[in-house]
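Just the structure for this:
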Amino acid sequence: MHTVNIHEAKTTLSKLIVKTQNGEEVIIAKAGKPVAKLVGYKAAVKPRKAGLLKGKIFVPDNFNDEDEEINKLFYGE
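Have a look, this model is predicted:
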């Protein structure tokens, strides 16, 4: 965490933004007292929409069936 006064924040804003992009938080103070926090922006993750691939993916009926060759590789049977 990095603390700067308002005047320094105004004159070094670009550098402070780079710090936030690197994961740091910057506290901006007035007369030595914190008044604001500058943090990096993280875009909200959109939730997935169910059914987008409906009709585009085929899952065979035997999808969950065990394969003897693979079992031999895992279990040595």
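
pLDDT weak spots in the protein?
Scanning the chain for pLDDT under 70 picks out 77.

Next, find the distance separating the residue sitting nearest the centre point of it from D61.
Nearest residue to the geometric centre of the chain (Cα atoms, centre = their mean): K42, 7.3 Å. Distance from K42 to D61, counting by Cβ to Cβ, to the nearest Å: 43 Å. The way it works is simple: take the backbone N, C-alpha and C, and place the C-beta from them, glycine included.

One more: A43?
A43 is 41 Å from D61, by Cβ to Cβ.

same thing with E68?
Between E68 and D61 the distance is 18 Å, computed by Cβ to Cβ.

Between those two, point out the one with more neighbours.
Using other Cβ atoms under 10 Å as the criterion, E68 and D61 rank with E68 on top: 9 against 6.

tell me the contacts of the more buried one?
Contacts for E68 (Cβ atoms under 8 Å, 6 or more residues apart in numbering) come out as none.
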